[in-house]
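>>> Structure for this input, please:
(3 chains)
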Amino acid sequence: MTAPLPPAHFAGNPVRIARDLLGGTLVRSLPGHESLMGIIVELEAYDCPRDPACTAGRFHAARSADMAVPPGQWLFWTAHGHPLLQVACREEGVAASVLIRALQPTHGLSHMLNFRPVTRERDLSNGPAKLVYALGLDPARITGQPVNSPELHLLPPAAPLPDEQVQVTARIGIREGRNLPWRFTIRGNPWVSPATPSMDLTVNAEG
DNA sequence: ACTTCGATGCTCT
DNA sequence: GAGCATCGAAGTA
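Residues are numbered from 1 along each chain as shown, chains lettered A, B, ... in the order given. Model prediction:
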């Protein structure tokens, strides 16, 4: 088993970091219980101030400050009242982050279903807020903790996924910045969120 | 206190 | 794939 990624790993370009994190594992430890684990099958990068989709930089000064924490810290962006799990990137004072958008559960599935009961199992964690609920994460507790915290940490993929397995598209649910290919999903993975991107740069081998 | 908006989720066609 | 419920956060007053 690989070691948890240290905070220093995130002191760089969030686009590159998101790409390389695809296929990694998110581990949520529960005292006295089996850890909840899942493969990260969908990520997005946000990178103020050059990013037109990054509302933190454009007109939410206060939220920008929440996001411009030192790299390698957990943070939550809220949209429509839902918490979205992110890791701060680049350097302190810069609002840049990687957003974890979907998870393929591998361990503790029944426990996750307890946190977030769903009729169809595939709907358990195929969205950024869904996975937060499925893991039973409390933003008040997690925010500001290092990304290699025992409570919640990341394991990198054994090896970076080959390009053929990586689907690159526009990000989901944004107005500006739809031209930027900053969403990464594992091609054909059934746990990817059902949302349809406005742009898909993927070149299919079959044409 | 009130208004607006959205990095969402859910429930229908 | 379209429409709506929803609610936390910012901005304005």
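>>> A:Ser149: how many residues sit nearby?
A:Ser149 has 15 neighbours, counted by other C-beta atoms under 10 Å. Using the backbone N, CA and C atoms, a C-beta is placed for each residue, glycine as well.
>>> wouldn't it be in contact with A:Trp74 here?
Yes: the pair A:Ser149 / A:Trp74 is scored as a contact, 7.4 Å apart, by C-beta atoms under 8 Å.
>>> what do those two both touch?
A:Ile142 (C-beta atoms under 8 Å, 6 or more residues apart in numbering).
>>> could you list every residue that touches the closest residue to A:Pro150 other than its chain neighbours?
Spatial nearest neighbour of A:Pro150, excluding adjacent residues (C-beta to C-beta, 6 or more residues apart in numbering): A:Ser29 at 5.7 Å. Each residue near A:Ser29 by C-beta under 8 Å, 6+ apart is listed here: A:Ser35, A:Pro150, A:Glu151, A:Leu152.
>>> Near the last one, how many other residues are there?
Counted by other C-beta under 10 Å, the residues lying close to A:Leu152 total 21.
>>> On the strand side of things, show who it bridges to.
With DSSP bridges as the criterion, A:Leu152 is bridged to A:Arg28, A:Ser149.
>>> thought it was touching A:Trp74?
Yes: contact criterion C-beta under 8 Å: A:Leu152 and A:Trp74 qualify, at 6.5 Å.
>>> Now the common contact residues for those two.
The contact lists of A:Leu152 and A:Trp74 share A:Ile142, A:Gln145, where a contact means C-beta under 8 Å, 6+ apart.
>>> Stretch A:107-123: end-to-end distance?
16 Å (C-alpha to C-alpha, to the nearest Å).
>>> now that stretch, how far from the centre of its chain.
With C-alpha atoms, centre = their mean, to the nearest Å as the basis, stretch A:107-123 stands 19 Å off its chain's centre.
>>> tell me the contacts of A:Val192?
Per C-beta under 8 Å, 6+ apart, neighbours of A:Val192: A:Val41, A:Glu42, A:Ala102, A:Asn126, A:Thr185, A:Ile186.
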